[in-house]
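Peer 1: Requesting a structural model of the entry that follows:
(one chain, ligands or ions: 1)
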Amino acid sequence: MFDVRPVRDSDEFARAFYSIGQYFGAPLDEERIDRFLQFFELERMHAAFDGEQIVGGAGAYSFDFTVPGGSLPCAGVTVVGVYPTHRRRGALRAMMLAQLADVHERGESIAALWASEETIYGRFGYGIASWACEMTLQRVWSAFAQPLERRGQVRFVSPEEAVELFPSVWEAMRRQRPGVPSRSEAWWKLRVLRIPDEEKANPRRFVALDLDGATQAYAIYRRESGWADGSSSAKLEVQEAIGATAQATAEIWRYLLDVDWTETISAFGLPLDHPLFLLLANARRARMRTADSLWVRLVDVGAALSGRKYATEGRIVFEVRDATCPWNEGRWLLENGRAERTEDAAEIALDVDVLGSAYLGAVSFAQLREALRLEEMRPGAVERADALFAWRPLPWCPEIF
Ligand SMILES: CC(C)(COP(=O)(O)OP(=O)(O)OC[C@H]1O[C@@H](n2cnc3c(N)ncnc32)[C@H](O)[C@@H]1OP(=O)(O)O)[C@@H](O)C(=O)NCCC(=O)NCCS
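Peer 2: The predicted structure follows:
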């Protein structure tokens, strides 16, 4: 058995962090600890102890996180790891339970994460709530289907300018899409705009689109030059390309696709309804790999269901099973956008991770029924639930956290 508690100082923090460091990266030095603690709250790192020894860590960011039609406080679960010396003895389970209890106490009704493996988190109530696509496109196939009447001007900006200009574009996109976490100023400066040491020789570039007197889109990208068979084989890797409007998004992508001397353009984490796929004349030529992106956990089912908007009016009664957060167990009536406990007969019975999958609108109850993930007690209940939960645009989390 392991004792689990939040870390108390930066030494414990560094040792807990090194649990994930066993798999990615190096031990934290003082400079990295200081930097990390500017956008992460120390007391949100849980550690698993074997006696005096720290053998596991699990952290969470405090996000505001967009949900259909709104924004909710959310635990952004991160840096989860257990030392290889102590694997499969229950350290992760003990940390997940402690973290969920803490998230509940803080009043965050949802938690979200990117899973390193899809087999880990379902048992703790997290369900796949969105899909994302990794795309590689040969530049020769980058024409748009319709001519774009170019508007605005793209310019290079420094990180200092970017921190002034980019957040409003991010916020505009955040208001439109579920699945987008808020970013503090420290997050922008230290996670998004900082040039890491390993990029010093070829740093990321920042561009802003000025349109109608304001910055309406930006991109962060890297270029890796190359030369093959007498021609450039350079790759342009888009780290983030965000527009506040449809026109601005098309403009910034046109810029990225038009950088001369590029052979391929790649981007990660695009939602399946990203406009690029319909802007392109030859979208079929883009190589795309789709995978799960965000996983969502309803930590407080009533508050989470009441905290989003719905596509239609209507009512549905869920019977929720939740072995790790038993306070959620039981029957919930969702009616007029509010969820309350009820004695009414259940219409759909499901595990809480399945409800998490449906929550952002990217996974339908009909799909979940087909995948044998829920029981429909009343015919038509699944279609009714889908009419309520359906939401466009699809969720998009442009950054792995
Ligand atoms: C994944 C990891 C944290 C698991 O830690 P652990 O302490 O070995 O896990 P536990 O012993 O508490 O296991 C809890 C349950 O999860 C299961 N489990 C743990 N890791 C699993 C994995 N990688 N795949 C499938 N099941 C897994 C266990 O079998 C156990 O199942 P049970 O409750 O049904 O008996 C650890 O292997 C690790 O650090 N891996 C590398 C880093 C990583 O992937 N971190 C996640 C970042 S998102």
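
Peer 1: Now do the strands in the stretch 1-150 of the chain.
Peer 2: For the stretch 1-150 of the chain, the strands defined by DSSP state E, counting those that start in this stretch cover 3-6, 45-50, 53-67, 70-82, 110-114, 127-128, 131-138.

Peer 1: I should have written the stretch 151-300 of the chain there, sorry.
Peer 2: 153-156, 205-211, 214-224, 227-228, 231-232, 235-243, 264-270, 287-292, 294-298.

Peer 1: Could you dump those into JSON lines with distance to the ligand added?
Peer 2: (Glycine included, C-beta is placed from N, CA and C.) Formatted as JSON lines, those follow (distance: least, Cβ to the nearest ligand atom, whole Å):
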{"stretch": "strand 153-156", "distance to the ligand": "35"}
{"stretch": "strand 205-211", "distance to the ligand": "29"}
{"stretch": "strand 214-224", "distance to the ligand": "24"}
{"stretch": "strand 227-228", "distance to the ligand": "36"}
{"stretch": "strand 231-232", "distance to the ligand": "37"}
{"stretch": "strand 235-243", "distance to the ligand": "20"}
{"stretch": "strand 264-270", "distance to the ligand": "16"}
{"stretch": "strand 287-292", "distance to the ligand": "12"}
{"stretch": "strand 294-298", "distance to the ligand": "9"}
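
Peer 1: Deepest in the core, which of the ones you listed is it.
Peer 2: Compared across the strands of the stretch 151-300 of the chain, strand 294-298 shows the largest average neighbour count, a mean of 29 (mean count of other Cβ atoms under 10 Å).

Peer 1: could you say what helices and strands that one packs with?
Peer 2: strand 110-114, strand 127-128, helix 352-359 (3 or more Cβ pairs under 8 Å, 6 or more residues apart in numbering; DSSP states H and E).

Peer 1: Kindly recompute the last result at 6 Å.
Peer 2: If contacts are counted by 3 or more Cβ pairs under 6 Å, 6 or more residues apart in numbering; DSSP states H and E, strand 294-298 sits against strand 110-114, helix 352-359.

Peer 1: Tell me the secondary structure of Ala387, please.
Peer 2: helix (DSSP: H, G, I helix; E, B strand; the rest coil).

Peer 1: Relative to the ligand, how far out is it?
Peer 2: As judged by Cβ to the nearest ligand atom, to the nearest Å, Ala387 and the ligand stand 34 Å apart.

Peer 1: Identify the residue nearest that residue in space, chain neighbours excluded?
Peer 2: Thr312 (4.9 Å; Cβ to Cβ, 6 or more residues apart in numbering).

Peer 1: which one of the helices and strands packed on strand 294-298 lies closest to the ligand?
Peer 2: strand 110-114 (6.3 Å; Cβ to the nearest ligand atom).

Peer 1: Please tell me how far that closest one is from the chain's geometric centre.
Peer 2: 8 Å (Cα atoms, centre = their mean, to the nearest Å).

Peer 1: do stretch 240-250 as well
Peer 2: Worked out by Cα atoms, centre = their mean, stretch 240-250 lies 19 Å from the chain centre.

Peer 1: Distance across that stretch, terminal residue to terminal residue?
Peer 2: 14 Å (Cα to Cα, to the nearest Å).

Peer 1: Show me how far stretch 216-236 is from its chain's centre.
Peer 2: On Cα atoms, centre = their mean, the centre of stretch 216-236 falls 26 Å from that of its chain.

Peer 1: ok so, going back, next, format the strands of the stretch 151-300 of the chain as TSV and append mean pLDDT.
Peer 2: Output for the strands of the stretch 151-300 of the chain, formatted as TSV (pLDDT from 0 to 100):
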stretch	mean pLDDT
strand 153-156	98
strand 205-211	98
strand 214-224	98
strand 227-228	95
strand 231-232	94
strand 235-243	98
strand 264-270	97
strand 287-292	97
strand 294-298	98
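
Peer 1: State the distance from Gly59 to Pro181.
Peer 2: According to Cβ to Cβ, to the nearest Å, Gly59 stands 14 Å off from Pro181.

Peer 1: Which one's more surrounded, these two?
Peer 2: Gly59 (28 against 22; other Cβ atoms under 10 Å).

Peer 1: give me the beta-bridge partners of that one?
Peer 2: Met45, Thr78 (DSSP bridges).

Peer 1: And it, how far from the ligand?
Peer 2: In terms of Cβ to the nearest ligand atom, Gly59 sits 10 Å off from the ligand.

Peer 1: residues contacting that residue?
Peer 2: Applying Cβ atoms under 6 Å, 6 or more residues apart in numbering to Gly59 gives the contacts Arg44, Met45, Thr78, Val79.

Peer 1: Same question for Phe49.
Peer 2: Asp3.

Peer 1: does Leu374 really touch Gln367, like I thought?
Peer 2: No - counting by Cβ atoms under 6 Å, Leu374 does not reach Gln367; the two are 10.1 Å apart.

Peer 1: Pick out whichever of those two has more residues nearby.
Peer 2: Leu374 (24 against 14).

Peer 1: And the closest residue to that one other than its chain neighbours, how far from Pro395?
Peer 2: Ranked by Cβ to Cβ, 6+ apart and with sequence neighbours excluded, the top spatial neighbour of Leu374 is Leu350, at 4.0 Å. Computed as Cβ to Cβ, the Leu350 to Pro395 distance reads 19 Å.

Peer 1: And the two? Which one has more around it.
Peer 2: Neighbours around Leu350 and Pro395, counted as other Cβ under 10 Å, are more numerous at Pro395. The numbers are 28 against 24.

Peer 1: ok so, going back, export the strands of the stretch 1-150 of the chain to TSV and append columns for distance to Ala217 and mean pLDDT.
Peer 2: TSV is the format used below for these (distance: least, Cβ to Cβ, whole Å; pLDDT from 0 to 100):
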stretch	distance to Ala217	mean pLDDT
strand 3-6	40	98
strand 45-50	35	98
strand 53-67	19	98
strand 70-82	22	98
strand 110-114	25	98
strand 127-128	29	98
strand 131-138	18	98
